[in-house]
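Participant: return atomic coordinates for the entry below.
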Amino acid sequence: MWRYLVIKTAAIFPSQSAHNAQPVLEALSKSMSAQGWKVQENNLQADVAVIWSVLWAGRMKNNQNVYRAFHDTGRPVIVVDIGTLRRGITWKVALDNINGSGWFGHQQDLDPDRPRKLGLALQGPCPGNDILIASQHSASLQAEAVPDMTAWVLSQIALCRQHTDRRIIVRPHPRDRIRTDRLPRDVTVQTPQKVTGSYDDFGWPQEFHAVINHNSGPGVLAALCGSAPVVDRSSLAWPVSVSMQDIDRSYNRDRSQWLIEIAHTEYTIDEIEQGLWLKRLGSRLK
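Facilitator: Below you'll find the predicted structure:
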């Protein structure tokens with residue numbers, strides 16, 4: 001747990017953020033300044049750090065050093081990333097991580113009308129018949145419990161085959177490779193296709209009976225679309241997930257409360273600037 005401190009300074013790291021991060025970081029900086037925090041760039045001595053994503057690769061690679069430096073000294077780390085719910089419109093803001101291992105403050109003081117305000121609605125049950133296994137980027141903190149993503153995919157295929165004979169499709173992360181040559185011959189590989197005109201959106205195929213994912217966006221998208229999510233406890237979709245033993249059954253989990261809660265994990269840029277995220281995370285920052 002973090003040491004007791006009164007936050008006076010916050011560090012942001014623009015050069016270690018994605019190219020589309022600037023408007024979000026500007027909104028965050030304004031909200032932190034309104035809180036009375038002094039926002040500084042690249043200050044490892046600040047009281048709190050704001051980093052973009054927990055993907056330790058590319059421009060964000062050095063954020064791992066920032067993350068460790070602050071946690072090793074008992075100081076909090078705010079993680080910001082592109083959203084899953086409405087990609088490019090809503091943005092994640094959390095403490096420590098951007099999956100269920102992080103703190104979003106999304107299970108208290110809830111607005112039941114927030115899903116509607118964000119344009120979110122539950123779909124399903126999905127009419128698809130196939131099983132999708134969606135892998136994750138192996139350099140991400142989210143995947144720290146999965147040191148070998150190819151091995152994880154193979155293990156999920158083997159477990160899945162114990163409970164269903166439905167067709168299995170493997171969808172590798174768009175920017176990370178797995179050894180597809182090691183997959184069984186009866187498994188299909190789906191290549192994610194980038195959405196034209198988007199920054200980094202690869203779209204989401206919705207026609208699946210179930211989606212197997214460790215703890216990243218595909219599990220949440222599956223639950224929204226009415227596909228049965230089979231996920232780890234560290235996934236934000238865990239509350240509405242099913243076990244591998246039940247993967248062949250119809251998906252009929254009550255997702256109404258979960259939808260309200262998940263709608264409180266992401267914010268528009270205007271909401272970030274207004275400090276809505278800070279009101280939700282504030283109890284853990286003091």
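Participant: and Leu141, what is it in contact with?
Facilitator: By CB atoms under 8 Å, 6 or more residues apart in numbering, the residues touching Leu141 are Val54, Leu55, Trp56, Gln64, Tyr67, Asn97. Every residue, glycine included, has its C-beta placed from N, CA and C.
Participant: gap between the fourth one and Leu276?
Facilitator: When you say that, I think you mean Gln64. 28 Å (CB to CB, to the nearest Å).
Participant: what number of residues lie near the residue nearest to His173 when sequence neighbours are not counted?
Facilitator: Of all residues not flanking His173 in the chain, His137 sits nearest, at 4.8 Å (CB to CB, 6 or more residues apart in numbering). For His137, the neighbour count with other CB atoms under 10 Å is 20.
Participant: confirm that His137 sits in a strand.
Facilitator: No. Counting by DSSP: H, G, I helix; E, B strand; the rest coil, His137 is not part of a strand but coil.
Participant: rewinding a little: dump the contacts of Leu141 to a markdown table, plus distance to Leu285, secondary structure and neighbour count.
Facilitator: Shown next, in a markdown table, are the contacts of Leu141 (distance: CB to CB, whole Å; DSSP: H, G, I helix; E, B strand; the rest coil; neighbours: other CB atoms under 10 Å):
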| residue | distance to Leu285 | secondary structure | neighbour count |
| --- | --- | --- | --- |
| Val54 | 18 | coil | 26 |
| Leu55 | 23 | strand | 23 |
| Trp56 | 24 | coil | 18 |
| Gln64 | 22 | helix | 17 |
| Tyr67 | 16 | helix | 19 |
| Asn97 | 15 | coil | 22 |
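Participant: what are the ranges of the strands in the stretch 151-286 of the chain?
Facilitator: For the stretch 151-286 of the chain, strands defined by DSSP state E, counting those that start in this stretch occupy the ranges 168-171, 188-189, 210-213, 228-230, 266-267.
Participant: likewise the stretch 1-150 of the chain?
Facilitator: With DSSP E, counting those that start in this stretch as the criterion, the stretch 1-150 of the chain has strands spanning 9-12, 38-41, 48-52, 77-82, 91-95, 131-134.
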